[in-house]
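> Dropping a prediction and its sequence here:
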Amino acid sequence: MRIVGYFLLAMSLFVVACGDDDVVFTPDEAIYFVSPDTTSITRTVNDVIEVDAHFSLDSVIDSVFVGYQIDTSNQPPMNLALSDVDEITERIGFSSPRNQHQLQFSLPIPSGGSTSPVVPGDIVRFVFAVQSGNLIVTKTLRVDITL
């Protein structure tokens, strides 16, 4: 009878340990791009970039932000932060409190407005940020605009 009890205890621990379908990746960084698999790509003015990103922190993720900056000077900023971007989209209110999320984004190349449209030679920097309380981690996707 004791052997059956140990067997059932071991099986219940196995099921509990394997039952978390939410944890499907273990990236080495807080923001990990699955697609594109690099942080620097080349696109044309009218392209749409499909991004598949994993977000992982040691604490519960409150929100995820995506913003962009159009750089016509071709001078890379040292540390691009959320306060530096031109427009921000925010994803908050996740269905369950977790420290890992996988999200897909369709990011059109921004027009830059009527006064300064994006032209070949410009650089668009999409800034991805993940927030947990006061902690904000960012990662930039550089897009070189060509013909």
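Sure, I can see it.

> Can you tell me, leaving aside adjacent residues, what's nearest to Thr138?
Excluding its sequence neighbours, the residue lying closest to Thr138 (CB to CB, 6 or more residues apart in numbering) is Ala129, at 4.5 Å. Backbone N, C-alpha and C define where each C-beta goes, glycine included.

> element containing that neighbour?
Using DSSP states H and E, Ala129 sits in strand 123-132.

> Give me the average confidence score over that strand.
In this model, strand 123-132 carries a mean pLDDT of 90.

> Run me through the strand neighbours of the very next helix or strand once past that strand, direction for each.
Heading C-terminal from strand 123-132, the first helix or strand you meet, by DSSP H and E, is strand 135-146. With DSSP bridges as the test, strand 135-146 is paired with strand 40-44 (parallel), strand 123-132 (antiparallel).

> Nearest to Leu147, out of the ones you listed?
Between Leu147 and the strands paired with strand 135-146, the shortest gap by CB to CB is with strand 40-44, which sits at 6.7 Å.

> Which residues belonging to the closest one are considered buried?
By 16 or more other CB atoms under 10 Å, the buried positions in strand 40-44 come out as 41, 43.

> For that strand, which outside residues touch it?
Residues outside strand 40-44 that contact it (CB atoms under 8 Å, 6 or more residues apart in numbering): 49, 109, 120, 141-147.

> still on that earlier bit, columns distance to Arg98 on top of the strands paired with strand 135-146, output as CSV?
Shown next, in CSV, are the strands paired with strand 135-146 (distance: least, CB to CB, whole Å):
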stretch, distance to Arg98
strand 40-44, 29
strand 123-132, 11
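
> Which among those is found nearest to Asp28?
Using CB to CB, the strands paired with strand 135-146 put strand 123-132 closest to Asp28, at 14.5 Å.

> Tell me which residues are up against stretch 29-38.
So stretch 29-38 is contacted by 25, 39, 49-57, 102, 128-130, 137-139, 141 (CB under 8 Å, 6+ apart).

> The helix or strand Asp52 falls within: what's the following helix or strand?
Element membership of Asp52, judged by DSSP H and E, is strand 48-56. For strand 48-56, the following helix or strand on the C-terminal side (DSSP H and E) is strand 63-71.
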